[in-house]
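Output the structure for:
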Amino acid sequence: MESEASLAELQAQASCPLCLDHLRDPVTTECGHNFCPSCIHQHWEDLQDTFPCPICLHHCPDRSLKRNPQLCDMMEIVQQIPTSGSQKKLQEEIPLCGKHNEALTLFCEENMELLCVQCKVSSDHQDQLLIPIEEAAASHRRMLKKHMTVLTDHLENAKRVYKIQVANTWTVKRKMRKWRKKLYFECEELQYFLEIEHEELDNDLFIEENDVEEKFIENGRQISYHKHRLSHLLSEIVEKYFQTDLDLLTGIERIHNSYGNLKMPAVFSYELKKESCNLPLDYVGLQKMTHTFQVELTLDPKTAHPSLLISSDRKSVTYKRPGGHSNPQILTSYADVLSSEGFDTGRHVWVVNIGGTGKCLLGVCKESIPRDTLRSSSPSKGCWHHQLWNRTGERKIGIFLDYELGQVLFYNLNDTSYMYGITEKFTGKLMPYFSIALSSESLTISGFRMKR
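From the prediction side, this is the model:
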């Protein structure tokens, strides 16, 4: 078997790459490949200046080819070697023209068809462009290479897009988990509110029920006594009615007086009040607005009153004793401070947590307002605020700014009730404004701690 394979390999090496038959009087190109002289010259028939090797496309300088005497001698020996059955099978597998039974060496670019040399001179292909198989294969190989480059780029782009989409999928999942968590806490908060509301309403109904029941019992007692008096008086009158004239007239005045003084006690009536447990005012709307338009604020140290100490992250402020301050831009009355962020368009919400006791002012003011007149400024001068007193507990205040609509609304987020509203035509940038009265004990404003 190994000898047969070696002989088959020798037969293949001794074949012309163009006609696929034994090399006849072989010649060698500059690049070292061997061909039949007629085959290579026919291959270069219409070429000028440069002549590419059909195998490696090396450009030969001219048509001059060197005859290979040693290979010629070897071909004579090879041709004398008998062909085995397996070698014949290999030779039979060489594609041949169906019409002329010759090796397919040409390619028609117009019909995309393989042809032999005899097909070239037939009437069917005289006016068509026919090129050698090796040249056509090289040309189409170059086109396939371009296709490979383009498709590789498309594939890489598709991979990037797919990776992005996978990442987006996980981003959506994370957001959904976050929103579900928020929804869970909101439902917990709403359930807590409903439980308190239910307890209060149930307690009110219980008190009302006892009060009405006591009044009905007392009124029933009065009516029962009146009924007893009527029954007794009726019996006396019936008895008096059947007495003799002398007996009837004896004591008749008392009978008449008793009858004249009869008075039916007032009948107690009561109309039940229909109590219902309602959701907090604007609960759903406020929750949606807060989640959609809420902004994160930081304090601006340049606008802080000298008695306020701003933390390094500008998220908290502490009241301290007044001292010297070299910045002329600071606020000079009350403990005021502005946000670093301002707004000149759109809708925005910021939440203020107020803890401790005391008075505070919340609102907005124009960026251009003089700092030394901020506390005493009025809406006509570009400052709009709402005063709140906090006595006990913690309050959560939502401040809603709609710049285009010209509104600043204040809501108590503890029970989602409306507190106060400002309507104005705004111009210029507005800065969130916070103030704590110096008489206050302690206040916490949204993450900004303000303490006396």
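
contacts and neighbour counts: CA atoms only from here.
Will do.

which strands and helices sit next to the host helix or strand of L194?
Element membership for L194 (DSSP states H and E) is helix 133-241. Contacts defined by 3 or more C-alpha pairs under 8 Å, 6 or more residues apart in numbering; DSSP states H and E place helix 133-241 against strand 106-108, helix 245-249, helix 252-260.

Specify the angle between the last one and helix 133-241 in degrees.
Angle of helix 252-260 versus helix 133-241, following axes from the mean of the first three to the mean of the last three C-alpha atoms, to 10 degrees, is 170 degrees.

the domain parsing of the protein - what is it?
Using automatic domain parsing, the domain parsing of the chain gives 2-135, 170-260, 283-451.

Run the chain-centre distance for the shortest one.
The gap between where domain 170-260 is centred and where its chain is centred comes out at 58 Å by C-alpha atoms, centre = their mean, to the nearest Å.

same question, the last one
Going by C-alpha atoms, centre = their mean, the spacing between the C-alpha centre of domain 283-451 and its chain's C-alpha centre is 30 Å.

now that domain: mean pLDDT?
Regarding domain 283-451, the rounded mean pLDDT is 77.

any idea how far E236 is from the residue of the chain lying at maximal distance from its centre?
Distance from the C-alpha centroid of the chain peaks at L246, with 106.9 Å (C-alpha atoms, centre = their mean). Distance, L246 to E236, by C-alpha to C-alpha, to the nearest Å: 16 Å.

quick one: the helices in the stretch 251-400 of the chain?
For the stretch 251-400 of the chain, the helices defined by DSSP state H, counting those that start in this stretch occupy 252-260, 283-293.

now for those helices, which one comes closest to C187?
helix 283-293 (11.2 Å; C-alpha to C-alpha).

Give me the angle between that closest one and helix 133-241.
Going by the same axes, to 10 degrees, helix 283-293 makes 150 degrees with helix 133-241.

So which elements touch helix 283-293?
Here helix 283-293 touches strand 347-354, going by 3+ C-alpha pairs under 8 Å, 6+ apart.

Dump the C-alpha coordinates for the strand it packs on into PDB.
The C-alpha coordinates for strand 347-354 follow below in PDB (Å, rounded to 0.1, in the frame of the first residue of the first chain):
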ATOM      1  CA  ARG A 347     -39.100  70.000  36.600                       C
ATOM      2  CA  HIS A 348     -37.200  69.100  39.700                       C
ATOM      3  CA  VAL A 349     -37.900  67.600  43.100                       C
ATOM      4  CA  TRP A 350     -35.800  67.600  46.300                       C
ATOM      5  CA  VAL A 351     -36.700  66.000  49.600                       C
ATOM      6  CA  VAL A 352     -36.000  67.700  52.900                       C
ATOM      7  CA  ASN A 353     -36.000  65.800  56.200                       C
ATOM      8  CA  ILE A 354     -36.600  68.100  59.100                       C
END
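
and that strand with helix 283-293, angle?
Going by the same axes, to 10 degrees, strand 347-354 makes 110 degrees with helix 283-293.

Grab the most central residue of the protein for me.
The centre of the chain sits closest to V172, judged by C-alpha atoms, centre = their mean, with a distance of 5.9 Å.

State the distance from it to Q165.
10 Å.

The helices of the stretch 251-400 of the chain: which one's closest to K146?
The closest of those to K146 is helix 283-293. By C-alpha to C-alpha, the value is 50.3 Å.

Now tell me what touches that closest one from outside.
R347, H348, V349, W350, T416 (C-alpha atoms under 8 Å, 6 or more residues apart in numbering).

Ranking the helices of the stretch 251-400 of the chain by mean neighbour count, which comes first?
helix 283-293 (a mean of 13; mean count of other C-alpha atoms under 10 Å).

Let me have the helices of the stretch 251-400 of the chain in JSON lines, extended by distance to E209.
Shown next, in JSON lines, are the helices of the stretch 251-400 of the chain (distance: least, C-alpha to C-alpha, whole Å):
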{"stretch": "helix 252-260", "distance to E209": "37"}
{"stretch": "helix 283-293", "distance to E209": "31"}
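
Which stretch among those approaches H43 most closely?
helix 283-293 (76.1 Å).

In CSV, list the C-alpha atoms belonging to the closest one.
Output of helix 283-293 as CSV, limited to C-alpha atoms (Å, rounded to 0.1, in the frame of the first residue of the first chain):
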residue,chain,number,x,y,z
TYR,A,283,-50.1,59.3,47.1
VAL,A,284,-49.6,57.7,43.7
GLY,A,285,-49.0,61.0,41.9
LEU,A,286,-46.5,62.2,44.5
GLN,A,287,-44.6,58.9,44.5
LYS,A,288,-44.3,59.0,40.7
MET,A,289,-43.2,62.6,40.6
THR,A,290,-40.6,62.0,43.3
HIS,A,291,-39.1,59.0,41.6
THR,A,292,-39.1,60.7,38.2
PHE,A,293,-37.8,64.2,38.9
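
just to revisit the earlier point, what's the per-residue pLDDT of the residue nearest to the centre of the chain here?
Looking at V172, the pLDDT reads 91.

Can you give me the separation between it and H100?
67 Å.

Also S38?
19 Å.

What of G421?
Taking C-alpha to C-alpha, one finds G421 at 99 Å from H100.

just K146 next, same as before
35 Å.

count of neighbours near T244?
By other C-alpha atoms under 10 Å, the residues close to T244 number 10.

that older thread, I'd like the helices and strands packed on helix 133-241 as CSV, with distance to A266 appended.
What follows is the helices and strands packed on helix 133-241, written out as CSV (distance: least, C-alpha to C-alpha, whole Å):
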stretch, distance to A266
strand 106-108, 121
helix 245-249, 33
helix 252-260, 18
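
Switch these over to TSV; also include mean pLDDT and distance to V161.
Listed next are these as TSV, based on pLDDT from 0 to 100; distance: least, C-alpha to C-alpha, whole Å:
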stretch	mean pLDDT	distance to V161
strand 106-108	86	41
helix 245-249	87	118
helix 252-260	86	103
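
List just the one of the ones you listed that sits closest to E197.
If we rank the helices and strands packed on helix 133-241 by C-alpha to C-alpha, the stretch that ends up nearest is helix 252-260, at 53.5 Å.

The closest one - contacts with which helices or strands?
Secondary-structure packing of helix 252-260 (3+ C-alpha pairs under 8 Å, 6+ apart): helix 133-241.

Please repeat the previous calculation with a cut-off of 6 Å.
Contact partners of helix 252-260 among helices and strands, from 3 or more C-alpha pairs under 6 Å, 6 or more residues apart in numbering; DSSP states H and E: none.
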